[in-house]
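Participant: Just a sequence and a predicted model for now, questions to come.
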Amino acid sequence: MSDAVLDRALAETRPGATPASVESLGRGNRKRTEVVRFETAPPVVVQRAVNPTRIRTEAALLRALGERTGVPVPRPIGDGVADGTGWLVTPLVEGRDLHEAFVELGATGKRDIARAFGRYLGAVHEAFRFPACGRLAVAADTDSVADPDEPLAVHEPTDAAAWVRRFGERHVARLPPEFDELRGRLAEAVREPVARARDPRLFPWDLRPGNALVADGAVTAVLDWEAPLAAPPGVSVAKAEHLVVDWYVPASETEPLRRAFRTGYESVATPPPDARAHRVAAVASAAVDGSGRVTNPRYPPVGRDAAVEFHERALRRALGEAGAEE
């Protein structure tokens, strides 16, 4: 990506300000992210992506989140396209990476964070409802009939049952050979019908401590809202609960965190039905990353063998099988 993109982004959002430093961050798989500090102006974060639609979608979602919810997100200062590259500028929010800090919190601090994430997801579900499931994009970039009051619309809308089946089957198929013994049961589970499924809501794909900042025990920002989806709320509840509650602590310590997460959600939204198809699809989607590698839970992250064991236990729990605890 050329410096012309950065120059354009700064010219439109910090006109006349002289950059003092540019620091590259590793956050995000599809974006280049940099912190720019100035001699006199407040610092900013500049994100760039070769797919401008992704940047436009994230910018629109961040603005809507700031307007409709109390979720702490960095509100865009500006966004646009330069040399075919999308850019987004937001204020720099101070705080420590919660992925590192979470395990250092005491029991009360961990429960507070879990409750906050539950509340954030409940607020998101109350604020964003959609007529079908699928990938979300800025309404002008889709071929769907959009609500004039809704900045995002579903691209290639799909009914809930078909979406869960395809989503779950895709992620089950991506599991490495170590999961072959479970694969058939997992694939069957994601095809199960779900009674009383609620209307699709916003599914923030990666709502987890690793995408949040914390200071003095409180979340200061939830980051990385790229690639949002519309999905049955049970899928995103199951995934966020898994990434917040099960990811960092042994099974013997999860119950208080699980209660806190669910209490936070229920403080702002009615819980969706607890469906096995939704649990399995959600947990399977967290087991392998976008490059096909097994993801590493805990902090510090465990190695691959321990990660495979963790995901196998989590998938057995999602299936409702006995003997899935550590």
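Facilitator: Arrived safely, thanks for sending. Numbering: from 1, shown residues only.

Participant: list the contacts for the most centrally placed residue in the chain?
Facilitator: For the chain, the residue nearest the mean C-alpha position is Asp206 (1.7 Å; CA atoms, centre = their mean). Listed by CB atoms under 8 Å, 6 or more residues apart in numbering, the contact partners of Asp206 are Asp224, Ala227. Bear in mind the C-beta positions are built from the backbone N, C-alpha and C, glycine included.

Participant: which SS state does it fall under?
Facilitator: Taken by DSSP: H, G, I helix; E, B strand; the rest coil, the conformation at Asp206 corresponds to coil.

Participant: what does Val35 give?
Facilitator: Applying three-state DSSP: Val35 is strand.

Participant: Which other helices and strands does the longest helix along the chain contact?
Facilitator: Among all segments of the chain classified by DSSP state H, the helix with the greatest residue count is helix 107-127. Using 3 or more CB pairs under 8 Å, 6 or more residues apart in numbering; DSSP states H and E as the contact test, the elements touching helix 107-127 are helix 52-68, strand 201-203, strand 218-222, helix 233-241, helix 254-266.

Participant: and the angle for that helix with helix 254-266?
Facilitator: If you take axes from the mean of the first three to the mean of the last three CA atoms, to 10 degrees, helix 107-127 sits at 30 degrees to helix 254-266.

Participant: From the chain's centroid, how far away is helix 107-127?
Facilitator: Between the centre of helix 107-127 and the centre of its chain there are 13 Å (CA atoms, centre = their mean, to the nearest Å).

Participant: Name the residues of it that come out as buried.
Facilitator: Residues 110-127 are the ones in helix 107-127 that count as buried (16 or more other CB atoms under 10 Å).

Participant: Let me know the average pLDDT across that helix.
Facilitator: For helix 107-127, the mean per-residue pLDDT is 98.

Participant: Now the element after that helix, going C-ward?
Facilitator: Later in the chain than helix 107-127, the nearest helix or strand by DSSP states H and E is strand 133-138.

Participant: Give the partner strands of the next helix or strand after that next one in its sheet and their orientations.
Facilitator: Tracing the chain C-terminally past strand 133-138 and defining elements by DSSP H and E, one meets strand 152-158 next. Strand 152-158 has the following sheet partners, assigned by DSSP bridges: strand 133-138 (antiparallel).

Participant: Contacts for the strand it pairs with next, please.
Facilitator: 53, 56-57, 60-61, 130, 151-160, 162-164, 200, 202, 227-232.

Participant: Let's see that with 6 Å instead.
Facilitator: Strand 133-138 is contacted from outside by 53, 56-57, 60, 152, 154-158, 160, 163, 200, 228-231, using CB atoms under 6 Å, 6 or more residues apart in numbering.

Participant: mind checking how far it is from the chain centre?
Facilitator: That offset, for strand 133-138, works out to 14 Å (CA atoms, centre = their mean).

Participant: in the stretch 201-326 of the chain, which segments are predicted with low confidence?
Facilitator: 322-326 (pLDDT under 70).

Participant: Gly264 reaches Arg115, doesn't it?
Facilitator: Yes. Counting by CB atoms under 6 Å, Gly264 touches Arg115, with 3.8 Å between them.

Participant: Looking at the helices and strands packed on helix 107-127, which is nearest to Gly26?
Facilitator: strand 218-222 (16.7 Å; CB to CB).

Participant: tell me the angle the closest one makes with helix 107-127.
Facilitator: Going by the same axes, to 10 degrees, strand 218-222 makes 40 degrees with helix 107-127.

Participant: Distance check, Arg316 against Val280.
Facilitator: To Val280, Arg316 is 10 Å away according to CB to CB, to the nearest Å.

Participant: Pick out whichever of those two has more residues nearby.
Facilitator: Neighbours per residue (other CB atoms under 10 Å) separate Arg316 from Val280, with Val280 holding more: 31 against 18.

Participant: coming back round to it: CA atoms only for the longest helix of the chain, dumped as CSV, please.
Facilitator: Coordinates of each C-alpha in helix 107-127 appear next as CSV, following Å, rounded to 0.1, in the frame of the first residue of the first chain:
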residue,chain,number,x,y,z
ALA,A,107,-12.0,-13.5,40.3
THR,A,108,-14.1,-10.3,40.7
GLY,A,109,-12.4,-8.6,37.8
LYS,A,110,-12.8,-11.6,35.5
ARG,A,111,-16.6,-11.7,36.4
ASP,A,112,-16.9,-8.0,35.7
ILE,A,113,-15.3,-8.4,32.3
ALA,A,114,-17.5,-11.4,31.4
ARG,A,115,-20.6,-9.5,32.5
ALA,A,116,-19.6,-6.5,30.4
PHE,A,117,-19.1,-8.7,27.3
GLY,A,118,-22.5,-10.3,27.8
ARG,A,119,-24.1,-6.8,28.2
TYR,A,120,-22.3,-5.6,25.0
LEU,A,121,-23.6,-8.5,23.0
GLY,A,122,-27.1,-8.1,24.3
ALA,A,123,-27.1,-4.4,23.4
VAL,A,124,-25.9,-5.2,19.9
HIS,A,125,-28.7,-7.8,19.5
GLU,A,126,-31.3,-5.3,20.6
ALA,A,127,-29.9,-2.6,18.3
